[in-house]
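1. no sequence for this one, just the structure:
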């Protein structure tokens, strides 16, 4: 098919036009690219020239500095040793000085290196070194009498140098014959890692070490490490805590010791195998064993879920004994999440029940508005809307302050506190250290649980130990102040004298208030719920406490927390004993009761009887009764007036 001639000519014209336009566009693009290239070349050339000039300037300056330093040193050296002089004797003397200086520098370098090696090297160190930590030495921990509670012993650990192994699989097979408990996958991975060093097993027995020696594998060796041993096993577990495989404290006083700078010494290499001063505690191993023994018996007898015991020196704040059952053996590997690792006396918080009433009475008597002869109506329940407060054993009569204490009246105690006001109650508990976290040497501590909104109902229930939860050690600190003359002394696990205690003590109660509280505590043992702790010859004063536990948001009538606080001797208080049983059961001989007077109180009495001789408190005859103590208090008040 032949196209018309006009169309052909039109196509030719359009083709020529397209060619011209294309050439024009290509020319424009080429010129743009060339311009960009010239710009980049110019910038790069300028940068290179600047760098060259700067480098040349620095090189010239450096060369000039070197030449100047060389000429200056030659000038100083020749002037110092007299080489500018022509006298031959002077030249010889200068050369002798130069030799002496050279030898001195060599000896100083050698001596410095030896000092560094002596400070940082481990005589039992790993061949070839390694990047993994070797257990460092720790100071011994001893009780107040010097008995060892924690000590380091040397124990062999097995390691490999994978680069030197001939056949890793044969080596693994031989090791499994000696130590079948090895993790096969992990050990195989370490033997095939081609590293310079790898742990295989820490703390093996001497028999295992001898058996591995006999295998004769190259690249397998031993290093003697420090292993922490606790001779008393679980007895001090919650106080002392334990360490990890690298001998670093992870709980209790072991962690506290690291926090005092031992960890930094380990990192610097200065704590390895160096003699360190023992850490002397305020605790008494004899007392600790006696308390734990009695608590184990009580826990078993009353089928309790847990048992706790505490002995403190009320004059110094020293903790002589602390036991929380169940406990654990720090010599064995344990799961720290296990319930046995919970120290209920410091990290647990509880509603302390009637034990807390002692604070309410101390507040009332210290205010000056309420005295021992003051009376409160306990004939009916105390109502707050739909809530009503009752007495466990209702007296249904008007009671004087001593009677409220010995019958443990909730109504009388609540009315006594409410008569002083809610704000005064909050301020008093704050002053007694019950509103803030208690800090001791133990890193583990718990925050008290206090009401967010504090009204009259809260004060009424807190007055008899419900509605506020504190750590037992925290409550003990407050009770100590009630019998030691009115001084709030922070508790400590370290030895402390009475003079040192007074430096950190705070007066929170009047001396006469302390005297009156001692009278009430002794009266409660003579006539109240503390009779079962009346150990002859020791003048014990005490307060019982039974708190209903909260289960699913409600107070349970069957799950109780019983406590008993005993102080002796009451004419000059020295020691406090706290016993707590979690969910004790009624057993034959308690007549269906599971309250404190039937379980915690007799346990505390047995503890006092056992530990008093250990603490140099001898039994006495013709001890003053509560009435005599009251007359002495009245005489003191009269003398002050």
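-> That came in fine, so what should we check first? Keep in mind that this is a model prediction, so the values were computed, not measured.

2. what about residue 160, distance to residue 437?
-> Per C-beta to C-beta, to the nearest Å, residue 160 is found 47 Å from residue 437. Quick note: C-beta positions are derived from backbone N, CA and C, even for glycine.

3. Looking at the two, which has the bigger crowd around it?
-> residue 160 (24 against 12; other C-beta atoms under 10 Å).

4. which phi and psi does the more buried one have?
-> Main-chain dihedrals, residue 160, degrees, to the nearest 10: phi -130, psi 150.

5. ok, it - contacts?
-> 171, 190, 191, 197, 198, 200, 219, 220, 221 (C-beta atoms under 8 Å, 6 or more residues apart in numbering).

6. So what's the predicted local confidence for it?
-> Note for residue 160: predicted pLDDT of 87.

7. do the same with residue 272
-> For residue 272, pLDDT reads 50.

8. before we move on, what about residue 194?
-> Confidence score, pLDDT, at residue 194: 78.

9. State the helix or strand in which the residue nearest to the spatial centre of the chain lies.
-> Of all residues in the chain, the one closest to the mean position by C-alpha atoms, centre = their mean is residue 443, 1.9 Å from it. For residue 443, there is no host helix or strand (DSSP states H and E).

10. how about the nearest residue to it, chain neighbours excluded?
-> residue 255 (5.0 Å; C-beta to C-beta, 6 or more residues apart in numbering).

11. any low-confidence regions in the stretch 451-600 of the chain?
-> For the stretch 451-600 of the chain, no stretch has pLDDT under 70.

12. which residue ranges form the strands in it?
-> Shown for the stretch 451-600 of the chain, the strands assigned by DSSP state E, counting those that start in this stretch span residues 487-488, 506-507, 541-551, 554-568, 575-582.

13. residues in contact with residue 551?
-> Counting by C-beta under 8 Å, 6+ apart, residue 551 has contacts residue 559.

14. Test of understanding: give the bridge partners of it.
-> Counting by DSSP bridges, residue 551 is bridged to residue 554.

15. closest one to residue 176 among the strands of the stretch 451-600 of the chain?
-> Evaluated over those, closeness to residue 176 peaks at strand 575-582, with 45.6 Å, by C-beta to C-beta.

16. Strand partners (parallel or antiparallel) of the closest one?
-> strand 306-313 (antiparallel), strand 554-568 (antiparallel).

17. of all these, which gets the most neighbours per residue?
-> Mean neighbours per residue, mean count of other C-beta atoms under 10 Å, is largest over the strands paired with strand 575-582 for strand 306-313, with a mean of 26.

18. right, and the helix or strand after that strand?
-> Sequence-wise, the next helix or strand downstream of strand 306-313 (DSSP H and E) is strand 319-325.

19. Next SSE downstream of that following strand?
-> Following strand 319-325 toward the C-terminus (DSSP H and E): helix 357-367.

20. Which elements pack onto that following helix?
-> Applying 3 or more C-beta pairs under 8 Å, 6 or more residues apart in numbering; DSSP states H and E, we find helix 357-367 packed against helix 401-407, helix 410-418, helix 422-431, helix 472-483, helix 511-527, strand 541-551.
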